[in-house]
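**Student:** Here's my sequence, what's the structure:
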Amino acid sequence: MADQEATWRVHDDLVGKSLGGCVITDLLGQGGMARVYRARQKHLDRDVAIKVLPPYFASDQNFILRFEQEAKSLARLSHPHIVIIHDAGAEHGLLYIIMEYVAGGNLRDYMTQSISLREVTRIIKEVAGALTYAHERGIIHRDVKPVNVLLDPAKRAVLSDFGIAKVMATSAAMTRSGAGVGTPEYMSPEQCRGAQVDARADIYALGVMLYEMLTGHTPFEADNYTALAHSHIYEPPPPPSKYNPRISPAVQAVTLKALEKDPANRFQEAMDMAITLEQAAAAQAPLPPAPPPERRSTGAPDDLDRATSSSIICPRCQSVNHASQRFCSSCGLAFGQPRSAQASAHMIAVAQAAPAGYVICPACQTPNDSLNRFCTRCGSNMLRGVPGRKCQKCGVQNTPGARFCTTCGSALG
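**Tutor:** You can find the predicted model right below:
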């Protein structure tokens, strides 16, 4: 099997060839157990995605039967946040699944940017909706992780790879190799122990994903499966505020409840988790902007006159910002002409009355969402005073918010 897998990883002669009535155009991505290609479905003249399994799976007739049965079950799922299955089969000694092509990348790519708490909450709710729909029909995902959350150009989350981990676990090739099924960083304690899993294993994985979106880290980090499994089973996860001190106690409590070791102590339904997170996030939402100044009679239009909607899409990072903001809350890009950073008497009064959970800009005293990196009014760095992490490999002190060392590229633990 090792030789077959090595050959599978090195050689890729499918581009330009036909599979399942589709002409493969390019490779989109590769994981440990499959490759995903973009292809053109000739008779419908549309782009699709094709997931192709390594050749050794097609040599197991019992696995092929289970694969086809699982594909039929997945094809019956119809939900706006679950990828559509168009077809599945075997051809040229390969097993494949033809799926909806989602053109906006995946959550793993999106997480390289700064994501606002509003976006985190929305994505978690969309994925939770997909999971709840599947769980109600007796289908467990078993491999929830950022790379399996696809994003369309409007950043709608679409969950893919339902059932793939389950059917692969029945493969004789996997059994002989002793390989585990799933992604260790996101596996629940019961998965790590090899016990039977239910919907609450997916909720644990969703909690890991939430933790990572908030902090840039998974709860447990190690370079081997044994260490990760031990941590998931026995060790309490570090509080998310260890990595991001701006996370409110309410949001932290939701995250840690999803990561309970005992499934009975977790959220019992994915949407319950999403709704509770939404309520916790609402408790630390930014205050409304200051009222506009009295209209001057000079006849000269100002920037408030030109505002035609309630939001601004940042042209650099695509984050949604309120129309009154002068700087992007995620990347700090200036919108139009900057205003003075001098605080008005009104803003100082509002800042003094801001409840716990808000962050007051040190430059202009404007209340900001606790996860903002830059002030939405004056553009000042909101991470001032938050220490950066020191690289354990080369010793360089990095700036706040950095996930990888700017000198050697090592992950910052």
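**Student:** And A49, how far from L210?
**Tutor:** Spatial separation of A49 from L210 under the definition C-beta to C-beta, to the nearest Å is 26 Å. Every residue, glycine included, has its C-beta placed from N, CA and C.
**Student:** Ok, E119 next?
**Tutor:** 12 Å.
**Student:** Count the neighbours of C314 for me.
**Tutor:** C314 has 18 neighbouring residues, counting by other C-beta atoms under 10 Å.
**Student:** Tell me if I'm right that it and L333 touch.
**Tutor:** Yes - under the contact definition of C-beta atoms under 8 Å, C314 touches L333, with a separation of 5.7 Å.
**Student:** how about the helices in the stretch 51-200 of the chain?
**Tutor:** Along the stretch 51-200 of the chain, the stretches classed as helices by DSSP state H, counting those that start in this stretch are 61-75, 107-110, 117-135, 164-168, 172-177, 189-192, 199-215.
**Student:** Please name every helix or strand in contact with the lengthiest strand in the chain.
**Tutor:** Among the elements of type strand in the chain, defined by DSSP state E, the one spanning the most residues is strand 22-30. Contact analysis of strand 22-30 by 3 or more C-beta pairs under 8 Å, 6 or more residues apart in numbering; DSSP states H and E lists strand 35-41, strand 46-52 as its packing neighbours.
**Student:** contact partners of the first one?
**Tutor:** So the one you mean is strand 35-41. Strand 35-41 is contacted by residues 12, 14-15, 19, 21-30, 46-52, 86, 98, 101 when judged by C-beta atoms under 8 Å, 6 or more residues apart in numbering.
**Student:** Mind checking what helix or strand follows the worst-scoring helix or strand of the chain on mean pLDDT in sequence?
**Tutor:** Within the chain, confidence by mean pLDDT, DSSP states H and E is lowest for helix 303-306 among all helices and strands, at a mean of 37. Remark: after helix 303-306, the chain's next helix or strand is strand 311-313, criterion DSSP states H and E.
**Student:** Can you give the strand pairings for that next one, parallel or anti for each?
**Tutor:** strand 320-322 (antiparallel) (DSSP bridges).
**Student:** contacting residues around the strand it pairs with?
**Tutor:** Strand 320-322 has contacts (C-beta under 8 Å, 6+ apart) with 116, 118-119, 289, 310-314, 328-329, 335, 376.
**Student:** would JSON lines of those residues with pLDDT and distance to S410 be doable?
**Tutor:** Below are these laid out as JSON lines (pLDDT from 0 to 100; distance: C-beta to C-beta, whole Å):
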{"residue": "S116", "pLDDT": "87", "distance to S410": "27"}
{"residue": "R118", "pLDDT": "90", "distance to S410": "31"}
{"residue": "E119", "pLDDT": "94", "distance to S410": "27"}
{"residue": "P289", "pLDDT": "47", "distance to S410": "41"}
{"residue": "S310", "pLDDT": "60", "distance to S410": "42"}
{"residue": "S311", "pLDDT": "71", "distance to S410": "38"}
{"residue": "I312", "pLDDT": "75", "distance to S410": "36"}
{"residue": "I313", "pLDDT": "77", "distance to S410": "34"}
{"residue": "C314", "pLDDT": "77", "distance to S410": "29"}
{"residue": "C328", "pLDDT": "71", "distance to S410": "28"}
{"residue": "S329", "pLDDT": "70", "distance to S410": "29"}
{"residue": "F335", "pLDDT": "71", "distance to S410": "35"}
{"residue": "T376", "pLDDT": "75", "distance to S410": "33"}
